[in-house]
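Colleague: fold the following.
(2 chains)
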2 protein chains.
Amino acid sequence: MAYEVISSEQVFKGKVFSIERDSITLPDGRVAVRETVRHNGAAAMVAIDDDGKILFVRQYRHAAGKETLEIPAGTLEKGEEPYDCAIRELEEETGYKCQKMEFMFKFYSSIGFCSEVLHIYLATGLAKGQANPDDDEFIELERYTPEEAVKMIFSGEICDSKTIASVLAYKNIIDG
Amino acid sequence: MAYEVISSEQVFKGKVFSIERDSITLPDGRVAVRETVRHNGAAAMVAIDDDGKILFVRQYRHAAGKETLEIPAGTLEKGEEPYDCAIRELEEETGYKCQKMEFMFKFYSSIGFCSEVLHIYLATGLAKGQANPDDDEFIELERYTPEEAVKMIFSGEICDSKTIASVLAYKNIIDG
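Modeller: So this is what the prediction gives:
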């Protein structure tokens, strides 16, 4: 059978992800090795304020070596539902609660080598709650109209795949 | 100084990526550990045929455990320029050459823990070349209009972040 897993070995165990080295069968019967980042998944949201602006968080990202502008997001805790994670992360990172948190879509962030799935929501009806970022997160809140955000995607100021996919999906929805 | 790297250690070395465990300073002076997937980057393209349809490749992805539909893409070889990688991967994966390969934008696939940058191009003026997929790639070519592709994003049939971001960006461009 094609793409059957013959053997699987965990070769790294980290705080946020682990690495598995698997041997799988190919359609022609040969065996290939696949090294995969195993990640628990995450939730993120396009959160719209009363002026129709999208909420963004600015924070330093070590993987990029710079500050970036992203929609609020966070990793699923063990056993946590994506919806609950989205509700929790919106308030922790932005200080806002929402009346509606609607599922938009989900996708793999790096499908070639990583199992992380991002669950994207649309948050509306924002009301002030209590910001409570993780102990090692230093976050600033910014707001931009959908049109401004799309310009920042093509200018390169927004350079994060989940943010680009989610903002463009929201723009596509409101443009009908 | 905030976000200075105090120490860095490679804790895994794989075929496509490695893992670094770094200690960095936080703005409040404390030290935090960041585990990062270091990846050489990749190029991908929205390739438009003479009928205005977008080229997609269908292939099995071990990280997702299923077949997925994606725009053509590939990892940068050592020292390879993203543009050259895009030209090479378009022909290898789809069998098409192109007259124009224009840079669209670039982004991080998983900015929270991975350094991979995807360089996205718009390929037009397609002409038959010679398909030559990697030894362990089994790929089928499909074509969809931008409108069909957007529907497949919201239905979940397209579930890959680079494909979603790139197709929606192209749709945004052609819609003006």
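Colleague: make it CA atoms for all contacts and neighbour counts henceforth
Modeller: Noted.
Colleague: for A:Phe103, give me the pLDDT.
Modeller: At A:Phe103, the model reports a pLDDT of 98.
Colleague: check contacts around it.
Modeller: When contacts are counted by CA atoms under 8 Å, 6 or more residues apart in numbering or on different chains, A:Phe103 touches A:Tyr83, A:His119, A:Ile120, A:Tyr121, A:Leu122.
Colleague: shouldn't it be within a helix?
Modeller: No - under DSSP: H, G, I helix; E, B strand; the rest coil, A:Phe103 falls outside any helix and is assigned strand.
Colleague: what about the contacts of A:Phe103, which one has the most neighbours?
Modeller: A:Ile120 (27 neighbours; other CA atoms under 10 Å in any protein chain shown).
Colleague: measure that residue to chain B for me?
Modeller: Distance of A:Ile120 to chain B, given as CA to the nearest CA, to the nearest Å: 11 Å.
Colleague: how is chain A partitioned into domains?
Modeller: Domains of chain A are assigned by automatic domain parsing as A:5-38, A:41-174.
Colleague: ranking those by burial, who's on top?
Modeller: domain A:41-174 (a mean of 19; mean count of other CA atoms under 10 Å in any protein chain shown).
Colleague: pull the distance from that domain to the chain's centre.
Modeller: Chain-centre distance of domain A:41-174: 7 Å, with CA atoms, centre = their mean, to the nearest Å.
Colleague: returning to that earlier point: mind putting the domains of chain A into a markdown table with distance to B:Ala149?
Modeller: Putting these into a markdown table (distance: least, CA to CA, whole Å) gives the following:
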| stretch | distance to B:Ala149 |
| --- | --- |
| domain A:5-38 | 27 |
| domain A:41-174 | 12 |
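Colleague: these: which one's closest to B:Glu137?
Modeller: For the domains of chain A, proximity to B:Glu137 was assessed by CA to CA; domain A:5-38 is nearest, at 8.8 Å.
Colleague: quick one, strands of chain A?
Modeller: A:5-13, A:17-25, A:31-39, A:42-47, A:54-61, A:66-70, A:73-75, A:96-108, A:117-128, A:140-144 (DSSP state E).
Colleague: so which of those strands is nearest B:Ala47?
Modeller: Comparison of those against B:Ala47 by CA to CA identifies strand A:96-108 as nearest, at 21.1 Å.
Colleague: now for the nearest residue to A:Ser161 once chain neighbours are set aside: which residues touch it?
Modeller: Counting by CA to CA, 6 or more residues apart in numbering or on different chains, B:Ser109 is the residue found nearest to A:Ser161 once chain neighbours are left out, at 5.2 Å. B:Ser109 is in contact with A:Ser109, A:Ser110, A:Asp160, A:Ser161, A:Lys162, B:Ser115, B:Glu116, B:Val117, B:Leu118, B:Ser161, B:Lys162, counting by CA under 8 Å, 6+ apart.
Colleague: and which of these is nearest B:Gln99?
Modeller: Nearest to B:Gln99 among the contacts of B:Ser109 is B:Leu118, at 21.5 Å by CA to CA.
Colleague: the nearest residue in space to that closest one that is not next to it in sequence pairs with what?
Modeller: Counting by CA to CA, 6+ apart, B:Ala42 is the residue found nearest to B:Leu118 once chain neighbours are left out, at 4.9 Å. The partner list for B:Ala42 in beta bridges (DSSP bridges) reads B:Thr75, B:Leu118.
Colleague: hmm, back to that, dump the contacts of A:Phe103 into a markdown table; add distance to A:Glu67 and pLDDT as well.
Modeller: Output for the contacts of A:Phe103, formatted as a markdown table (distance: CA to CA, whole Å; pLDDT from 0 to 100):
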| residue | distance to A:Glu67 | pLDDT |
| --- | --- | --- |
| A:Tyr83 | 27 | 98 |
| A:His119 | 23 | 98 |
| A:Ile120 | 22 | 98 |
| A:Tyr121 | 24 | 98 |
| A:Leu122 | 24 | 98 |
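Colleague: could I get those residues as a markdown table with distance to B:Ile6?
Modeller: Formatted as a markdown table, the contacts of A:Phe103 follow (distance: CA to CA, whole Å):
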| residue | distance to B:Ile6 |
| --- | --- |
| A:Tyr83 | 37 |
| A:His119 | 34 |
| A:Ile120 | 35 |
| A:Tyr121 | 37 |
| A:Leu122 | 39 |
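Colleague: related to what we said a few turns ago, for B:Thr75, which of the strands of chain A is the nearest?
Modeller: Among the strands of chain A, the nearest to B:Thr75 by CA to CA is strand A:31-39 (14.5 Å).
Colleague: quick one: that closest one to strand B:17-25, angle?
Modeller: Between the axes of strand A:31-39 and strand B:17-25, defined by axes from the mean of the first three to the mean of the last three CA atoms, to 10 degrees, the angle is 20 degrees.
Colleague: ok, back up a step: can you name the residues that contact the residue nearest to B:Leu118?
Modeller: Here B:Ala42 is in contact with B:Ala73, B:Gly74, B:Thr75, B:Leu76, B:Pro82, B:Cys85, B:Glu116, B:Val117, B:Leu118, B:His119 (CA under 8 Å, 6+ apart).
Colleague: let's see that with 6 Å instead.
Modeller: Contacts for B:Ala42 (CA atoms under 6 Å, 6 or more residues apart in numbering or on different chains) come out as B:Gly74, B:Thr75, B:Leu76, B:Leu118.
Colleague: which one of those is nearest to A:Gly176?
Modeller: So of those, ranked by how close each gets to A:Gly176 (CA to CA), first place is B:Leu118, at 28.3 Å.
Colleague: many thanks, have a good one.
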